[in-house]
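A.B. asks: 3D model of this:
(chains A and B)
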Amino acid sequence: MTTTTHPSPQVRRGTPAPGTQHHGVLRIIGTTLTWAFASFNVLVLLFMLFSSFKTTKEIFRAPWAPPSSLHFENWSQAWSNGGFGSAAVNTILVVAASSVSVLVIAAPAAYALSRTQTRLAGGLTVFFTLGIGIPTQVTIIPIFVMMAKVNLVNNLFGLYVVYTAVSLPFTVFLLTGFFRSLPGRLEEAAAIDGAGVVRTFVQIMLPLARSGLVTALILNIIGLWHETLIALVFIQDQDKSTLSLSLLSFMSTITSFSDNPNWGALFAGVSILVLPMLALYVWLGRRIVEGITVGATK
Amino acid sequence: MIREAERATATTTAGVTDEGAVRSSGARSTLERDRRRLFLPFVLPALVLYLVFFIGPALAAVWISFTRWNGSTDAEWVGTRNYEVLVDDPVFHTAFVNTLLILVVVGVVVFVIAFGLTMVLREMRGRNAVRSILFTPYMVSAIVLSILWGFIFQYDGLVNSLLEAFGMEPVKWLSAGNLMPMILLGMVWINVGLYAMIILAAVDRIPNQYYEDAALAGTNSLQRFFYVTLPMTWDVVAVAATLWTINSLKIFEFIFAFGGTTTDLPSTDVWNSALFVYGMSFGGRTPAYAFGYASAAAVLMLILFAVFVILLRRIMRREPIEF
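C.D. replies: Okay, the predicted model is just below:
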């Protein structure tokens, strides 16, 4: 193996193939563009963070410069006046409850679907997957009318129910693939020891599937943290708003009603929405990327 | 058949005696029976929730699309009227064209850039750091990305401040005519990371010896791309293309926040399918609550995209390569 890997770089350098000159230039251009793209992402996030500590005047005068002094009042204004404080609590509660509930409902279903080789199980798996392709815009009107009938509109519990339901198809899809990849032998061993299906599932399979469950949990947290359309339709009261809604309404206050808009406070609000997820990414980055790509590449 | 084989390997590897094998097969059939008995209780909660919040509403939307309804009074059956009006509605035309522009233009550009990135990143220094950074837009709310994108291109925004620093004239990036191209460009920016990451994950699984063999044969990196990378990642590309099609129909936040707020909708020039549905039902200062009309648009777009996905899968299907 090592003997075959060694010669190739020499060959590549030693005998320049036709068009190599051309391709070297292309590579330099490509590398430069890639770095420019990556730098752009970093700069934009830095700009967001810097601006959250600046006065409006400073943001426009020197947009790229770090803040000359730290205006923490932007953050406190966003947190209390902009309603980001209560919105953060609402968002955390609803997102946490929904992303855990959907696991509790989806995991047994995914386990049963992946471990039963009947035509019904196969059909149901496909049936659940179809839901990934049904966009919210199609179902939101009937769901709204339905929820209004049971008085769960403009209600955080109602939002929690809808969030749990809309996360279901993707979660079942992800977990079915995950359970399928687990070896069946341990279950059989458990069955020999006299464990029933429920005990086998809870004590053997769930711990084995922990990394899949965590991946599903994280991906649902990310998705629901950013959800806007459903919240926009379902929530009207300021005290029930989620972070996305607070940002949108803060944006409209700042841009349309104020003569002296405090853009610094807006960027503080933006940061409140962004930083928790960026922290999650710094903490669990590889797992998030793998979780997203594994469904497509398997 | 397969189960028999499994059983055989299980017993041989476990090294159990004949007696053990008999016992285990007995336990296994109990397991099998228990499983069948518990299949329904395990699946039922998910199935009920799925039927109530996906299949039921989707079917209801089809029915609503044949009615005139504001949600509070009784629905009035109007047959295909909503669809007929839709076909002549210039606002829907714009939304329709914009949705297809996003699907095709943004899609093609995203995949071309994503492939370009895989070619560059394969042999680049600091590739892991760059990969992580390129993926960050996925972790940021589309509303935030939209606000930042708008701020960058404002008349007194970041790009123009750079242009002026280099002695150039500022550009009106966000004039009415430029709005949609700027939105499309912004969508390329926020989506490239995800699809590049999916394709890169597939590229990583290609055994390196194929590239070495190709290099020995004197190929350049463009040839290696067409003869190694592309064929060996084709299945993943097909899945990613399907994913993009589905996701592109769902796009809402980025456009909504680009000129709209909680109370005001952005100009109809930049509406796509999701904004049209929202604008015709719940959106704006005085919501239209035209549930029948909005549902007709939603159903029409879903059918169109479903057909597109089926065609896409058929066109991209080919014999799988084993490696």
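A.B. asks: and the strand or helix carrying residue A:122 with chain B, contact?
C.D. replies: According to DSSP states H and E, residue A:122 maps onto helix A:119-130. Yes: on the criterion Cβ under 8 Å from any Cβ of the partner chain, helix A:119-130 is in touch with chain B at A:120, A:121, A:124, A:127, A:128. (C-beta placed from N, C-alpha, C; glycine too.)
A.B. asks: ok, now which ones touch the fourth one?
C.D. replies: Translated: residue A:127. With contacts defined as Cβ atoms under 8 Å, 6 or more residues apart in numbering or on different chains, the neighbours of residue A:127 are residue B:50.
A.B. asks: From residue A:212, how far out is it?
C.D. replies: Distance, residue A:127 to residue A:212, using Cβ to Cβ, to the nearest Å: 21 Å.
A.B. asks: Helices of the stretch 151-300 of chain B, start to end?
C.D. replies: Taking DSSP state H, counting those that start in this stretch to define them, one finds helices in the stretch 151-300 of chain B at B:158-165, B:179-204, B:208-216, B:221-224, B:230-250, B:253-257, B:273-280, B:291-316.
A.B. asks: For stretch B:119-135, C-alpha coordinates in CSV please.
C.D. replies: Output in CSV follows, covering the C-alpha atoms of stretch B:119-135 (Å, rounded to 0.1, in the frame of the first residue of the first chain):
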residue,chain,number,x,y,z
MET,B,119,-11.6,19.8,-6.4
VAL,B,120,-9.8,22.5,-4.5
LEU,B,121,-10.3,21.2,-1.0
ARG,B,122,-9.1,17.7,-1.8
GLU,B,123,-5.5,18.9,-1.9
MET,B,124,-5.6,22.1,0.0
ARG,B,125,-3.8,23.1,3.2
GLY,B,126,-6.0,23.9,6.1
ARG,B,127,-8.9,22.1,4.4
ASN,B,128,-10.6,21.0,7.6
ALA,B,129,-10.7,24.6,8.9
VAL,B,130,-12.0,25.9,5.6
ARG,B,131,-14.7,23.1,5.5
SER,B,132,-15.9,24.0,8.9
ILE,B,133,-16.1,27.7,8.1
LEU,B,134,-17.9,27.1,4.8
PHE,B,135,-20.6,25.2,6.7
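A.B. asks: any idea how far that stretch is from the chain center?
C.D. replies: Computed by Cα atoms, centre = their mean, to the nearest Å, the separation of stretch B:119-135 from the middle of its chain amounts to 23 Å.
A.B. asks: before we move on, what about stretch A:198-216?
C.D. replies: With Cα atoms, centre = their mean, you get 22 Å for stretch A:198-216.
A.B. asks: low-confidence ranges in the stretch 1-150 of chain A?
C.D. replies: Where the stretch 1-150 of chain A drops to pLDDT under 70, the residues are A:1-23.
A.B. asks: so which helix or strand takes in residue 100?
C.D. replies: No chain specified, so I'll use chain A. Assigned by DSSP H and E, residue A:100 belongs to helix A:84-115.
A.B. asks: my question was about chain B
C.D. replies: Taking DSSP H and E as the definition, residue B:100 sits inside helix B:90-101.
A.B. asks: could you point out which element follows that helix?
C.D. replies: Under the assignment DSSP H and E, the closest C-terminal helix or strand after helix B:90-101 is helix B:107-122.
A.B. asks: How about that following helix and chain A, touching?
C.D. replies: Yes: applying Cβ under 8 Å from any Cβ, one finds helix B:107-122 in contact with chain A at B:116, B:117, B:119, B:120, B:121.
A.B. asks: tell me the two of these that are most distant?
C.D. replies: Using Cβ to Cβ, the residues of helix B:107-122 next to chain A span at most 9.3 Å, a distance reached by B:116 and B:121.
A.B. asks: buried stuff in the helix holding residue A:100?
C.D. replies: By neighbour count with 16 or more other Cβ atoms under 10 Å in any protein chain shown, helix A:84-115 contains the buried residues A:84, A:87-88, A:90-91, A:94-95, A:97-99, A:101-103, A:105-115.
A.B. asks: Kindly calculate the angle that that helix makes with helix A:119-130.
C.D. replies: 150 degrees (axes from the mean of the first three to the mean of the last three Cα atoms, to 10 degrees).
A.B. asks: Counting by contacts, list what helix A:84-115 packs against.
C.D. replies: Applying 3 or more Cβ pairs under 8 Å, 6 or more residues apart in numbering or on different chains; DSSP states H and E, we find helix A:84-115 packed against helix A:119-130, helix A:156-166, helix A:168-180, helix A:210-226, helix A:243-252, helix A:263-297, helix B:18-50.
A.B. asks: still on that earlier bit, quick one: which of residue B:116 and residue B:121 has more around it?
C.D. replies: The neighbour count for residue B:116 versus residue B:121, taken as other Cβ atoms under 10 Å in any protein chain shown, is higher for residue B:121 (20 against 17).
A.B. asks: OK, contacts around that one?
C.D. replies: Here residue B:121 is in contact with A:34, B:127, B:130, B:131, B:196, B:200 (Cβ under 8 Å, 6+ apart).
A.B. asks: Point out the least confident one among the residues you listed.
C.D. replies: For the contacts of residue B:121, the weakest pLDDT value sits at residue B:127, with 85.
A.B. asks: Compute the number of surrounding residues for it.
C.D. replies: By other Cβ under 10 Å, the residues close to residue B:127 number 15.
A.B. asks: How about it: what's its closest non-neighbour residue?
C.D. replies: Distances taken as Cβ to Cβ, 6 or more residues apart in numbering or on different chains place residue B:121 nearest to residue B:127, at 4.9 Å, with adjacent residues excluded.
A.B. asks: Please read off the pLDDT at that neighbour from the model.
C.D. replies: Listed pLDDT for residue B:121 reads 85.
A.B. asks: Distance of it relative to residue A:26?
C.D. replies: Separation of residue B:121 from residue A:26 (Cβ to Cβ): 14 Å.
A.B. asks: Which residue ranges make up the domains of the chain?
C.D. replies: I went with chain A, as the question did not name one. A:20-73, A:82-257 (automatic domain parsing).
A.B. asks: ah, no, chain B please
C.D. replies: Using automatic domain parsing, chain B is parsed into the domains B:2-64, B:81-316.
A.B. asks: Check those for me and report the most buried one.
C.D. replies: Stretch with highest mean neighbour count among the domains of chain B: domain B:81-316 (a mean of 19; mean count of other Cβ atoms under 10 Å in any protein chain shown).
A.B. asks: Kindly check the end-to-end length of that domain for me.
C.D. replies: End-to-end distance of domain B:81-316 (Cα to Cα, to the nearest Å): 37 Å.
A.B. asks: Please compute how far the helix or strand hosting residue A:35 lies from its chain's middle.
C.D. replies: Assigning secondary structure by DSSP H and E places residue A:35 in helix A:20-51. Centroid separation for helix A:20-51 versus its chain: 25 Å, with Cα atoms, centre = their mean.
A.B. asks: Following the chain onward from that helix, which element is next?
C.D. replies: Going down the chain from helix A:20-51, the next helix or strand is helix A:56-61, by DSSP H and E.
A.B. asks: Is that following helix positioned near chain B?
C.D. replies: Yes: using Cβ under 8 Å from any Cβ, helix A:56-61 reaches chain B at residue A:60.
A.B. asks: Give me the helices and strands touching that helix, please.
C.D. replies: The contact analysis (3+ Cβ pairs under 8 Å, 6+ apart) places helix A:56-61 against helix A:263-297.
A.B. asks: which parts of the helix it packs on are buried?
C.D. replies: A:263-274, A:276-278, A:280-281, A:285, A:288-289, A:291-297.
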